[in-house]
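> turn this into a structure:
(chains A and B)
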Amino acid sequence: VKNILIVEDSASTRSLVKTIIEDLGEEFYVYEASNGFEALKALPTERFDLIITDINMPDINGLELINFIKTSELYKNIPIIIISTERSEEDRKRGLSLGADAYVTKPFKPKELQETVLKVLQK
Amino acid sequence: MSASLKEFISEAEEILSEAEGYLVQIQESLDSGPDPDKLNALFRAVHTLKGNSSLFGQDDIKDLTHRLEELLDDLRMGRIPLDNSVIDFLFKEIDLLKATIKTLETKKKVDLSQEIREVDEFRKSITSTEKDTSLKGLIDDEILKVLSEYEEHRLKENIKNKRGIFILEVILPLEGFDEQLKAISEKIKSVGELLSTLPTTKDVPGGYIGFKLLFGSEKDSEFLKNVLQNEPKLVYAPKPPAVSADTAPPQKSIETIKSTTSTVRVDIDKVDRILDTIGELHLSKGMIKDVEQQLRQIYGYSDIVFEIHRASQLLEKRLTELQQNVLDIRMVPIGQIFTRVAQLVRRYSRQMGKKIELQIYGEDTELDKYVAEEVVDPLMHIVRNSIDHGIEYPEERKKIGKSETGTLVMKAYQKGNHVVIEVEDDGRGINRKKLLDKALTMGLVKEGVELNDSEILELIFTPGLSTKEEASDVSGRGVGMDVVKEKITSLGGYVDIKSKEGSFTRISLTIPITLAIIKALIVTVSGHEFAIPLTSISETLEIDRNLLNSIEGRLIYNLRGRAVPIVSLKEFYQLSDLELSEITEKFIVITGFEDRVVGLLVDDLLGAHDIVIKSLGSYFEGFKGFSGAAEIGSGKLVLVIDTEAIISETLLRSRGENV
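Below you'll find the model as predicted:
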């Protein structure tokens, strides 16, 4: 079983990402968080194998979330994929330097996201 | 129209009306300078709409929103000035988008090329303002690296506007941290601009989460301290202080951990130290009472005796209050424990492929922190057993006419000085025959000995007995209910089990609310003093020899028509060398509750004392029948009787088994 947490403030993007990942197979469980707070609350409830996060979110942004996860003894080994737009290249760079493992640029093709997910999970 | 397109349209409409709201607010506050929070929210709304349109293949909407996003980005980054003409333009664009989205319900694609060009032209018409300075060296790198480009821009703006930059550190319990954090954020927004909320686990204990809140404000530290109830750390001062160098604000990173809530977290050891002192004060109080008594014998009821009596009464009253208050500090709601167990239920039920609905009652019931922590493992164990052995697989449940989803109930309530925690599942119950067969093969029960139902159920607490043949992932080999019982017993509690085959199993743990300071009855046996916790005593009585009988070598007392097994403590602890069959004791202390009751023979009852039980230490490990030692005044030590151990052993013995 692979538990995957999606952190994204847009409901429709979230459900799209969820569908794309669930298409990978039955062993993929997708959990949703619509902001950084929900992500922080979800973390202790499940052993996540992967976190997919947007960067531009209110209150706690994706970078702050990545920094939290990657500096936490408990969670630092959870791989992170950033989903961001081409526009936010600078933010994406910061995310990667904070320890995020990969990124996907919006708009993306389902295949592209799936491949990135599988690649990151394999590592 | 596809379901996902419908979803896109409805979210887009929502986003646009939100955006319109932000724009109205920005316009209203334009004179006092645009509100950066609202401008950023507007940017984010358009950004989200752009992302959604690209995912749903609405290329023209995407291109238009992309242009608008760039325009808003320039505005929020301060690259171009915000004025009424820009706001009017944005209103027009939002209206356009609204209308366009509406047409999607009937049309598949829209052509917005003309509108896109218009935005491009509008942007070109605005002259950009110059770029700003670097933050390097001004603010700690640790903070800079997690700021998004926008947050960094806001930070620069704050510095440019001669505001101080502060960091407030808070540590909040994971449970409900968001509400508390929102309250703190609101306070910060009332005195400045919140720039970044950075969560951290560094130097934060388990069950808590830390946050660094970066904000800019024109107010000084003293003022902020009053509003925020905590002093934020100044990380950048707007102007160099005119005073001497010593008072220059520190610019290094932050070591203090501060909380803005009215809660303090205290090491339980510190509370224990207070309790120790209270225990000693109780001893002093006893000494004063002794003196009072002696004075009364000498002077009778004279003024001075009365004075000292009043003083000692007052001392006792205040001491009890103090003790209660300290004990309250140690109290935690059992909900904290239930939450942890609930996570386990969710995880294991899924692992096992079982459907389980968890119901929780009485989560506000309070009990001592120490007791609560000690009860976690046994509780986890019981719940695991319920999921693993109790609740059936969905198909199986369906076949026997139960609902596919099993129910697991966790309930807690207070009962006198005890807390009862119940775990009940509506699973297959305990199979008596299997249990008994196993006990027979293991030689735990002698062939031919008749056991009643509750005695058979009690067998589940025997070490090494599991009714499930193979080990499972969830509860592992051997159910280990004996471990559960041992733990609960060591806390001075007891375990009760009720079960109906095919329908339910309910396990109740009855545990004392606190172990810190308890009342105990001091008794004497063969000249030795012992303490018996009042929580485990149901009554004391003078022996009526006519009611005491010996049946097959075992003593039974007729307590209002009920046969209660009697234990001679003299014999149990081997205090007397003499093999005396005659009973010289005068009193019986009835311990235990409900169907687990045993009477203890004692010579005398000396009265109740508040005691602080101390562990006997590893040297006395394996020493049966004592749960610890306590000081009861004038440096005198007494052993505390472990009534549960005596009850268990006596009831087992009376069942005719070898122990």
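> from B:Asp59, how far off is whichever residue of chain A sits closest to chain B?
For chain A and chain B, the shortest gap (CB to the nearest CB) falls at A:Pro107, measuring 3.6 Å. For the C-beta atoms, the positions are set from N, CA and C on the backbone; glycine is no exception. From A:Pro107 across to B:Asp59, the span is 9 Å (CB to CB, to the nearest Å).
> now swap in A:Gly99 and tell me
34 Å.
> okay, now A:Gly99: neighbour count?
Number of residues near A:Gly99 (other CB atoms under 10 Å in any protein chain shown) recorded here: 14.
> circling back to that earlier point, neighbour count winner among A:Pro107 and B:Asp59?
A:Pro107 (18 against 14).
> what values do phi and psi take at that one?
Phi and psi for A:Pro107, reported as degrees, to the nearest 10, are phi -80, psi 150.
> how near is B:Asp203 to B:Glu169?
B:Asp203 is 10 Å from B:Glu169, by CB to CB.
> low-scoring stretches of the stretch 151-300 of chain B, by residue?
B:239-265 (pLDDT under 70).
> near chain A, which residues of it?
Residues of the stretch 151-300 of chain B lying close to chain A (CB under 8 Å from any CB of the partner chain) are B:151, B:174, B:177-178, B:181, B:185, B:196-202, B:209.
> dump the residues you listed to a markdown table, plus secondary structure and neighbour count.
As requested, those are exported to a markdown table (DSSP: H, G, I helix; E, B strand; the rest coil; neighbours: other CB atoms under 10 Å in any protein chain shown):
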| residue | secondary structure | neighbour count |
| --- | --- | --- |
| B:Glu151 | helix | 22 |
| B:Leu174 | coil | 17 |
| B:Phe177 | helix | 20 |
| B:Asp178 | helix | 18 |
| B:Leu181 | helix | 22 |
| B:Ser185 | helix | 17 |
| B:Ser196 | strand | 24 |
| B:Thr197 | strand | 22 |
| B:Leu198 | strand | 23 |
| B:Pro199 | strand | 25 |
| B:Thr200 | strand | 17 |
| B:Thr201 | coil | 19 |
| B:Lys202 | coil | 11 |
| B:Ile209 | strand | 24 |
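> hang on, the earlier thing: the more surrounded of B:Asp203 and B:Glu169?
Between B:Asp203 and B:Glu169, counted using other CB under 10 Å, B:Glu169 has the larger neighbour count: 21 against 10.
> could you measure from B:Glu11 over to B:Leu49?
From B:Glu11 to B:Leu49 the distance is 8 Å (CB to CB).
> so the two - more neighbours on which side?
Set B:Glu11 next to B:Leu49 and count neighbours by other CB under 10 Å: B:Leu49 wins out with 29 against 20.
> name the element the residue nearest the centre of chain A belongs to?
Centroid-nearest residue in chain A, with CA atoms, centre = their mean: A:Ile52, separated by 0.9 Å. Here A:Ile52 sits within strand A:50-54, counting by DSSP states H and E.
> and what of B:Val589?
strand B:587-593.
> now whatever helix or strand comes next after that strand: mean pLDDT?
Using DSSP H and E, the helix or strand that follows strand B:587-593 towards the C-terminus is strand B:596-602. Regarding strand B:596-602, the rounded mean pLDDT is 90.
> strand B:596-602 to strand B:587-593, inter-axis angle?
160 degrees (axes from the mean of the first three to the mean of the last three CA atoms, to 10 degrees).
> quickly run through the sheet partners of the helix or strand just after strand B:596-602, with directions.
Where DSSP H and E defines the elements, the next helix or strand beyond strand B:596-602 is strand B:604-611. In the sheet, strand B:604-611 lines up against strand B:518-525 (antiparallel) (DSSP bridges).
> so how many other residues sit close to A:Tyr29?
Neighbours around A:Tyr29, by other CB under 10 Å: 16.
> my bad, B:Leu214
26.
> give me the phi and psi for A:Phe48.
According to degrees, to the nearest 10, A:Phe48 has phi -80, psi 140.
> which stretches in chain A count as strands?
Ranges of strands within chain A are A:2-7, A:28-33, A:50-54, A:80-85, A:102-106, based on DSSP state E.
> ranking those by burial, who's on top?
strand A:50-54 (a mean of 25; mean count of other CB atoms under 10 Å in any protein chain shown).
> quick one: contacts of that strand?
A:2-10, A:13, A:17, A:21, A:39, A:62, A:65-66, A:69, A:78-84, A:117, A:120-121 (CB atoms under 8 Å, 6 or more residues apart in numbering or on different chains).
> one step back: angle of the strand holding A:Ile52 against strand A:80-85?
20 degrees.
> direction included, what does strand A:50-54 pair against?
strand A:2-7 (parallel), strand A:80-85 (parallel).
> can you give me how far the first one is from the chain middle?
Between the mean C-alpha point of strand A:2-7 and the mean C-alpha point of its chain there is a distance of 7 Å (CA atoms, centre = their mean, to the nearest Å).
> select, from the residues of the stretch 151-300 of chain B next to chain A, the two members most distant in space.
Using CB to CB, the two most remote members of these are B:Glu151 and B:Leu174, lying 24.9 Å apart.
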